[in-house]
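[1] Structure for this input, please:
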Amino acid sequence: MAKIASYKEVLGVSTEDEIVDDFLSTLSETNRTFDYYVDWEKINRNVDRYTEELSLLNSLLRVDRTEVEAKFRHILTRYPAVLEVLPLLIATRAQELKILEDIRAEVLDVLLYDFTPRALGPADVDRIVHFAKGVGLLDLFANPKITNLIDYLVGVEVGMDTNARKNRSGQAMESILRPLVREIEQGNDNIAVYEQKTLSQLSDLVAEDIPSEIANRKLDFIIAIQEANSVKLINVETNYFGVSGSKEEVVPAYIQRQTYLQQIGADFVLVTDGQGWAQMANELGRAVSSLDWVLNLDFVRRGLLERIILHY
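    Numbers count the residues shown, from 1 in each chain. Below you'll find the predicted structure:
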């Protein structure tokens, strides 16, 4: 059940109902930070990997349109390493592509194109040129609007990176909490913070047998607090619900998680937020009444998580 004393000291609330009301009245409208939209470090790393190959292909941008194919054939023959970058120019990382050539043909023909760097014979070059024509790469090389394929690939990578936003959204709450918990760690010699570790990996910190149900589950944060003769562990788990609909299964899972953690003398803190909770007051009440601590980002901002860790 909720440890009311901590809530009361930091938030000024005295009952579980007041905790729920405060929680619902301070829900965040988003968990997106500046780094949610584009991972520039990853993009620059991906582009830098192919600067040599892209520089070779850049020479195609400076020849007459009628000479592009012949020049491309020459590059493929002399510098087959450029093969690997060709799929990226059409926004895919696959090294093998299957293409359905013509559904109107008497025999339905599926062509397989392999972009693994290797020495290319005349037939291989013909095949890659056929692909480049079909997907429009030769037209791209001849397009006067394209002046640098390195810049072009930056744009392609930005577009492809939007597919990773779902993963970043899932990790956003961890990213938001990370500076706070790391600051607490740096200011206290007896505190160590572990991210995305399993209890099995930290078994030297656990005096009891770890329940198999949680032994190999990666935990968002594990706060290890060195006491006089033992180490106290707190699992801080995060999530965000922008819409309602999936909490019915999540809350019992977290209640069970806390039960398993208590068996080894560890504790559990859930940091969750999002407007989805506004339609799930009953489930939130169940979480608050069953879990020791349920925080949203505003509770964290007001100092409750720091209070839990420092005055455990």
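[2] Quick one: the helices in the protein, in order.
    4-11, 16-25, 40-48, 51-58, 68-78, 122-135, 137-142, 149-161, 165-186, 212-215, 247-263, 281-290, 297-301, 304-310 (DSSP state H).
[3] partners of the longest strand along the chain, with directions?
    Scanning the chain for the longest strand, with DSSP state E as the assignment, gives strand 231-240. Using DSSP bridges, strand 231-240 pairs in its sheet with strand 219-226 (antiparallel), strand 267-273 (parallel).
[4] what sits up against the shortest one?
    By that I understand strand 267-273. Contact with strand 267-273 is made by 27-28, 31, 173, 177, 232-241, 254, 257-258, 261-262, 287, 291-297, 300, 305, 308, 312, as judged by Cβ atoms under 8 Å, 6 or more residues apart in numbering. The C-beta positions use only the backbone N, C-alpha and C, and glycine is treated the same way.
[5] List only those of those residues flagged as buried.
    When the contacts of strand 267-273 are checked for burial by 16 or more other Cβ atoms under 10 Å, the buried set is 27-28, 31, 173, 177, 232-241, 254, 257-258, 261, 287, 291-297, 300, 305, 308.
[6] I'd assumed residue 236 was in contact with residue 257.
    No. Taking contacts as Cβ atoms under 8 Å, residue 257 lies outside contact range of residue 236: 11.6 Å.
[7] Now do the contacts for the residue lying closest to residue 36 once chain neighbours are set aside.
    Leaving aside its sequence neighbours, residue 36 sits nearest to residue 168 (Cβ to Cβ, 6 or more residues apart in numbering; 5.4 Å). Shown in contact with residue 168 (Cβ under 8 Å, 6+ apart): 35-36, 39, 175.
[8] biggest separation within these, which pair?
    The span of the contacts of residue 168, defined through Cβ to Cβ, is set by 39 and 175 at 11.5 Å.
[9] Compare these two (neighbour count), which wins?
    residue 39 (18 against 14; other Cβ atoms under 10 Å).
[10] any idea how far the more buried one is from residue 255?
    Separation of residue 39 from residue 255 (Cβ to Cβ, to the nearest Å): 35 Å.
[11] Just list the residues touching residue 71, thanks.
    Per Cβ under 8 Å, 6+ apart, neighbours of residue 71: 59-60, 63.
[12] 10 Å - rerun?
    57, 59-60, 62-64, 141 (Cβ atoms under 10 Å, 6 or more residues apart in numbering).
[13] cool, residue 15 as well?
    Counted by Cβ under 10 Å, 6+ apart, residue 15 has contacts 2, 4, 7-8, 21, 288.
[14] how close does it sit to residue 128?
    From residue 15 to residue 128 the distance is 71 Å (Cβ to Cβ).
[15] quick one on the thing from earlier: can I have the buried ones of the contacts of residue 71 as a ChimeraX selection?
    Provided next is the ChimeraX selection string for whichever of those are buried by 16+ other Cβ under 10 Å:
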select :57,60,141
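[16] Next, format the contacts of residue 71 as a markdown table and append distance to residue 43 and pLDDT.
    Formatted as a markdown table, these follow (distance: Cβ to Cβ, whole Å; pLDDT from 0 to 100):
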| residue | distance to residue 43 | pLDDT |
| --- | --- | --- |
| 57 | 19 | 98 |
| 59 | 24 | 97 |
| 60 | 23 | 98 |
| 62 | 26 | 93 |
| 63 | 29 | 94 |
| 64 | 32 | 95 |
| 141 | 22 | 98 |
